[in-house]
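Participant: sequence below, structure please.
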Amino acid sequence: MERRVHTAGGGANGDPLRTVDYALVTLTGFAALMALTDGVGTPCVLPDGRPAVQMLSAVKTVTATLPPIEQQLVQYGSTDLELLPTLKQMAQELGAYTRTTQRATDVHGADVARRSFLQMYGWELACTGPDTYALRSFWEWQSNGSLLKYLVRCLDQSSFPLGRTCFVAALQEALQLLHVLSRAGIVLGDLKLENMLVDEHGHVKLSDVDGAGLLDASLLYATQAVAQQAAVQAAAACLDPCAAAAAVWSAADRLFAEEAPYMVTDAYMPLEMSAYGVMCAASHQHLLGASLGQLLGALQPLLLAAPGREVCWALVTELRVLATGMQTPAHTDRPDLPCVWAQLEGIRARWAV
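Facilitator: Next up, the predicted model:
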């Protein structure tokens, strides 16, 4: 049942080894309660009488060996394990996940946060060898894998109308996730197709939020108040209140997060990060456009050379133009989310006939 689906790190530079396995796990305590609340897994009773839940899970494991100085601190009982720099580094993603999902819950409510982010059910720290520790966390499994692989499979469908419909629908879900991040003042430095996962119904969720930065809470709530006021004033003037509020948020999306994201893929890095070490919600448009553009650029020659795939090539070419437009060097020049949505909706409508 268990199989390895991803491996990273663990090189000679001493970085922790990071793996992801698809496995049947047994959850107890609060983790089991969370799984039952979400309606996943099978209830069972352990030999010692404890209630538990068995479920198929994505098991993320971070493994590292303590350096000599930390080994001595542990040996002589000079510090708690959770205070060791190596273990704090191992737990970075869990800390980022907690802060990010809490912010999303505070702003949007628990249901939206649960629909937008991959659900984590629990974690455990185990000593796996001399001075070596493994931090395992248990996440819901998304059967369609990454958004990148899902989009490729959409274009590989024998029915092109069905494939293009699923392709555009998945991109629209990705844009909705960017909307959730924008309104919550969350900036994901490593946002890309590979870090969005797709379930069996084609719904997309955010994964791997390690390195997330947050807009200052007072600034976020001030933006909410100004957007609401702008909507009220627009309605009183018989103007579009939604457009008025969106304009306020579009301006706020250009504000840099106080916490700069510390995780980013170099190939997709926007100018504001490479030049100044800062990012904002508008950086998401660049990140998504860059990762999507790279995928579409790789697919174009393959589709052009494949007999009978010319129509699919034409759709990919049009989408690549959209992806390129999302990658303006200056973050202030990038199209806002309503603009990108309108362009994608236009593509969907043109290809629906």
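
Participant: max-length strand in this structure?
Facilitator: Using DSSP state E to assign secondary structure, the strand with the most residues in the chain is strand 51-65.

Participant: from the middle of its chain, how far away would it be?
Facilitator: Centroid separation for strand 51-65 versus its chain: 19 Å, with CA atoms, centre = their mean, to the nearest Å.

Participant: given that strand, what are its sheet partners and their directions?
Facilitator: strand 17-28 (antiparallel), strand 42-45 (antiparallel), strand 132-140 (antiparallel) (DSSP bridges).

Participant: which of those strands sits most buried?
Facilitator: strand 132-140 (a mean of 19; mean count of other CB atoms under 10 Å). Just so you know, the C-beta spots here come from the backbone N, C-alpha and C atoms, and that holds for glycine as well.

Participant: show the subsequent helix or strand relative to that one.
Facilitator: The helix or strand immediately downstream of strand 132-140 is helix 147-155, counting by DSSP states H and E.

Participant: mind giving me the packing neighbours of that next one?
Facilitator: Applying 3 or more CB pairs under 8 Å, 6 or more residues apart in numbering; DSSP states H and E, we find helix 147-155 packed against helix 160-184, strand 196-198, helix 283-305.

Participant: for Gly41, which of the ones you listed is the nearest?
Facilitator: strand 196-198 (18.3 Å; CB to CB).

Participant: residue ranges with poor pLDDT in the chain?
Facilitator: 1, 10-14, 78-81, 353 (pLDDT under 70).

Participant: what about the residue nearest the centre of it, distance to Val20?
Facilitator: With distances taken as CA atoms, centre = their mean, Leu206 lies nearest the centre of the chain, 2.8 Å away. Leu206 sits 16 Å away from Val20, going by CB to CB, to the nearest Å.

Participant: swap in Asp190?
Facilitator: Taken as CB to CB, the span from Asp190 to Val20 is 15 Å.

Participant: could the strands paired with strand 51-65 go into CSV alongside distance to Leu66?
Facilitator: What follows is those, written out as CSV (distance: least, CB to CB, whole Å):
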stretch, distance to Leu66
strand 17-28, 14
strand 42-45, 36
strand 132-140, 7
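
Participant: do you know which of those strands lies nearest Tyr262?
Facilitator: Among these, strand 17-28 sits nearest to Tyr262 (CB to CB), with 15.6 Å.

Participant: can you get me a residue count around Gly297?
Facilitator: Residues contacting Gly297 under the criterion other CB atoms under 10 Å number 13.

Participant: what residues are up against it?
Facilitator: Arg320 (CB atoms under 8 Å, 6 or more residues apart in numbering).

Participant: from Trp351, how far off is it?
Facilitator: For Gly297 relative to Trp351 (CB to CB), the value is 20 Å.

Participant: for Gly145, same thing?
Facilitator: 24 Å.

Participant: what about the two, which has more around it?
Facilitator: Trp351 (18 against 15).

Participant: shouldn't that one be in contact with Val168?
Facilitator: Yes: the criterion here is CB atoms under 8 Å, and Trp351 meets it with Val168 at 7.4 Å.

Participant: now Gly211: closest residue in space, sequence neighbours ignored.
Facilitator: Met263 (2.5 Å; CB to CB, 6 or more residues apart in numbering).

Participant: and if you look at Ala32?
Facilitator: Val53 (4.2 Å).

Participant: bridging residues for that neighbour?
Facilitator: With DSSP bridges as the rule, Val53 is bridged to Leu27, Pro43.

Participant: list the contacts of the closest residue to Lys192 other than its chain neighbours.
Facilitator: Closest residue to Lys192 apart from its sequence neighbours, by CB to CB, 6+ apart: Ser291 at 3.9 Å. Ser291 makes contact with 148, 192-194, 265, 268, according to CB under 8 Å, 6+ apart.

Participant: same thing but 10 Å
Facilitator: 147-148, 174, 191-196, 265, 267-268, 323 (CB atoms under 10 Å, 6 or more residues apart in numbering).

Participant: try Gln75
Facilitator: Gln75 touches 66, 131, counting by CB under 10 Å, 6+ apart.

Participant: nearest to Thr105 among the strands paired with strand 51-65 would be which one?
Facilitator: strand 132-140 (16.6 Å).

Participant: now do that closest one: distance to the chain's middle.
Facilitator: On CA atoms, centre = their mean, the centre of strand 132-140 falls 19 Å from the chain's centre.
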